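S.K.: One predicted model, sequence on top.
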Amino acid sequence: MKKQDSNRFTRRNLIKYTGLLGVGSILGLKFLSCTSPSQPEGKKVKVMTPDGKLMEVNEAHLSMAHPHPASIEESRKGIPGRKFVMVVDLAKCKNARECIKACEHHHNLTPDRPFIKVLKIQDNPRSAPYWMPKKCFQCDNPPCVKVCPVGATFKRSDNIVLVDNERCIGCRFCMAACPYSARVFNWGKPKQSQEVLNLKYSPEASTPSKIGTVEKCDFCPDMIREKKLPHCITACPNGVLYFGDANEDTVTNGEETVRLSKLLREKAGYRYLEDLGTEPNVYYLPPVDRLFPFKDTEA
Amino acid sequence: MKKHNDQVIDKLLSSVGRHNPAFKIWIIALLVIISIGCFAYYRQLRLGLVVTSMRDYTSWGIYISNFVFFVAVSLIGSLVSSILKLAKVKWSYPLTRISEIIAVAAIICAAVIIIVDMGRPDRFFNVIIYGRIQSPIIWDVLVIMTYLVISVLLLYLPMLPDIALCRDRLKHVAKWKQNLYRILALNWQNKPGQLNRLKKTSTILEIMVIPVAFAIHTITSWLFATTWRPGWDSTNLGPYFVSGAFMLGAAVIIVAMFFIRKSFKLEDFITNDHFDKMGKILVLLSLVYLYFNINEYLGPAFKMVGVEGEHITELFSGDYAAMYWLVQVPGLMLPILLMVFKRGRKPFNIMIISFFILMGAWFKRFLIVIPSLQHPYLPIQDVDESYLHYYPSWEEWAITFASFAGVLLIISLLLKLFPIIPIQEYIHHQDKSEDQSNEI
Amino acid sequence: MKNFISIIPQYSLIRNFFLFLLLLVGQTVFSQKQSAEIHFKFLDDQADKRVAIQVFQQGDSALKPVEELDISLYVERLFSYLPVGDRFNTTDENGYVEIHMPSDLPGDSKGNLKLILKIEDAETIRDTIIHTEVKWGIPVIYDVTEEKRSLWAARANAPLSLLLLVNSLLLGVWGIIIYICYEMYLIKKE
């Protein structure tokens, strides 16, 4: 198995690194780079974007990964007026696994408890297999939230389902209830550096992890609060993942911004296992006219 | 007449408080098993649930199946001391106390084992502080507490006259025991008013325990039926669990009768006829359970829908086939066949048969919990080898055996502390039948 | 350029050189680019909503319209700008272009849409951004007290029928249990 190389960096470097990469990739967008005049002036820092461009940015943009974690009470409410959705274009996924890495990195996860999985799915023996990135579907009729005895997992007004690992009693009923196997459990003491352990816990950041509690994909509300896209979205090199606010009818994969309704209408978007009635907030676009031939890559 | 009664009382009281080296060894053996379990639990507390073989897909293991098993066992209390009594079955009264004791012991251990299964037992009180009434777990917690209280009352109240006997006649036992009897006897003097109140409250309890007993096991089945898992997503699950529990309960009481009769020399009170009659009841209950079993598997096996079909195939001919057929044939069908014959209901034979039913029932609960979890809607990919199967670790086995030892320990101590056969009721029945014979 | 940057040891040197070059080029370019005068108005004929834009530039003596200029129109969204109109919206000989706006875009609670008008990479005009607002969106009114009673709600919002059922059952059963305890007390007192 591939050894996780993040251990070689210190926490400080990691934060800086993520910040630079994140801002870099956002600034790599044509549009956003033009908004800089409206931003407050500050010390300028030079940043290289992933596609090799060098640019100058305001230092204020290079924020830390978790600057001001929302309090637990705040985390339970959700961001007012928002309804977050994700769209996954199965035609574009080639199992690059960058979303998994970015997620692992941001949430300080070890590979044995991933929030994201890229599954090889073959609907029937005659159809071609395809890669299906799967995270938490943040259902509107969430089985996990229904069964939680203590309200440790909860549904927010902005569609996001979060876990409060300071309340979770570790009964794992939510894991049994989730038909999509979206949840992972800290069976033992999670391996985390002292610096991660010193972070202030917020359900919005899902870190640091705690032994004997459940975790799952959280749509990165800590990023959203800063008007930044979740890490998996920006990490995807193929623009598979779109994210946005359904109230605005807009989703973006970081490069292209489109209307949600139009995208789902034109590409026949569907929700996985619709007939279970869980009403997921993750939509899939069918794997037709694929950008890549299916190659069975080893994980 | 009076003299005969005195002899009976002395005989039935003799088991209480008498020193017995074999009993001491038995208790020590149980304590050893429990302490091994405690050590395993200490390891689990220190290292986390990682010491078990449970992982992200098989997220519930033998703790949960054992919990379901004990909840099922606890249903016998209501079967014998309530349903049979309300049906005016005369022969069953010597079994009431034994069955109530088993019920109380099983429900206590079920509650303990569910705490053992928790990832954060230190946060147990969150269940009370933050309890959400929408969660079936909260329903289960409420009904378990209620059932425990009712079972204790159902054990205690009808025992009042016998405790009074202990208080009045056992002057040689330890001081603390005498005090205990004095307090527990509630100043019982066989006054008519007291007798009236006892009769009234006992009847209320006997009626009330039936819906609560059905509720406890039905709600336990809902822990499974409220999810989308194959094998659990069934409207049949409540009656299926309840009928299985009654069958298991009857089998447990037959095994208990056999050993208690032998070790306390109660052949005069628990007769071969009792085994015969309990055997007939067990046949009936097993047939009901067989019926629900067929209902539970036929539909999905006929349709073979997606993961549900995979799950059924796994049980019928896959990795769990051996266990499945052992549970269904020697654990259910063969016993029914054997118990139909009179020889099959002889004390020793039926004890062995009941033991098979008991083992079958335990593994049946394993088959209900674990294979379902291993067949989620989305394929299990990209995981460590250990996530793909489930073989309980030694810690899990140690804790499971300790829970069994715990049940046996509670039963043994209660049997030693109180008269096993309800004395007052025995005399009452004896007098009645004598009166009847005199009249003739 | 990419090749240069990948040579890591000389990175800072190359960077400085590159920046210097950029500065030089930039100055020469900027000297040729001018600011433009942009007129725009919102046309709303019931079904058809358009943003009409006319771009002028200071000519030798008077303002003259800018022809063949690409203008982009965006609606500001949470994470990014949503492009509206056609793929290319090019001005005609009068420097005029009409960009069609969809009429079914959700706006804020009042129906306001934040628009961004952009001119980029034009030959003679400096990159320009105009922020403006128009009440052309569908007002999205969200209920603040959104938490409804449901099985997945917090415990304070449990369904009334469930609360009623569970509590009446509990009350009934525990009432009887308390009654029995009271009877036990009476037995003791007798």
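M.R.: All right, it came through fine.

S.K.: ok, and does the lengthiest helix in chain C reach over to chain A?
M.R.: Scanning chain C for the longest helix, with DSSP state H as the assignment, gives helix C:160-189. No. Applying Cβ under 8 Å from any Cβ of the partner chain, one finds helix C:160-189 separated from chain A by no less than 11.3 Å. Using the backbone N, CA and C atoms, a C-beta is placed for each residue, glycine as well.

S.K.: That helix packs against which elements?
M.R.: The contact analysis (3 or more Cβ pairs under 8 Å, 6 or more residues apart in numbering or on different chains; DSSP states H and E) places helix C:160-189 against helix B:136-156, helix B:192-225.

S.K.: burial of residue B:183, as a residue count?
M.R.: Neighbours of residue B:183 under the rule other Cβ atoms under 10 Å in any protein chain shown: 12.

S.K.: show me the contacts for the residue of chain A found nearest chain B.
M.R.: Nearest to chain B, among the residues of chain A, is residue A:170, at 1.9 Å (Cβ to the nearest Cβ). Contact analysis of residue A:170 by Cβ atoms under 8 Å, 6 or more residues apart in numbering or on different chains lists A:185, A:212, A:213, A:214, B:49, B:118, B:119, B:120, B:123.

S.K.: In strands only, show me those residues.
M.R.: A:185, A:214 (DSSP state E).

S.K.: Any of the contacts of residue A:170 buried? List them.
M.R.: A:185, A:212, A:213, A:214, B:49, B:118, B:119, B:120, B:123 (16 or more other Cβ atoms under 10 Å in any protein chain shown).

S.K.: wait, is residue B:408 part of a helix?
M.R.: Yes. Counting by DSSP: H, G, I helix; E, B strand; the rest coil, residue B:408 is located in a helix.

S.K.: gap between the closest residue in space to it that isn't next to it in sequence and residue B:104?
M.R.: Closest residue in space to residue B:408, ignoring its immediate chain neighbours: residue B:30 at 5.7 Å, by Cβ to Cβ, 6 or more residues apart in numbering or on different chains. Look at residue B:30 and residue B:104: by Cβ to Cβ, to the nearest Å, they are 17 Å apart.

S.K.: Identify the residues contacting stretch C:110-119?
M.R.: A:31, A:34, C:36, C:38, C:40, C:51, C:53, C:55, C:69-76, C:81, C:105, C:107, C:125, C:127-139.

S.K.: ok, now stretch A:188-208?
M.R.: A:10-12, A:66, A:69-72, A:75-76, A:106-108, A:110, A:113, A:115, A:162-166, A:209-211, A:215-216, A:218, A:221-222, A:225, B:47-50.

S.K.: rerun that using 7 Å as the cut-off
M.R.: Contacting residues not belonging to stretch A:188-208 are listed as A:11, A:66, A:69-70, A:72, A:75, A:107-108, A:110, A:162-164, A:166, A:209, A:211, A:215, A:218, A:221-222, B:47-48, B:50 [Cβ atoms under 7 Å, 6 or more residues apart in numbering or on different chains].

S.K.: again, but for stretch A:117-137
M.R.: A:88, A:90, A:93-95, A:97, A:99-100, A:115-116, A:161, A:180, A:182, A:216-217, A:240-241, A:278, A:280-282, A:287, A:294, B:378-379, B:381-382.

S.K.: chain center to it: distance?
M.R.: Taking the mean of its C-alpha atoms, stretch A:117-137 sits 19 Å from the chain's own mean (Cα atoms, centre = their mean, to the nearest Å).

S.K.: Equivalent analysis for stretch B:70-90, please.
M.R.: Taking mean C-alpha positions (Cα atoms, centre = their mean), stretch B:70-90 and its chain are 11 Å apart.
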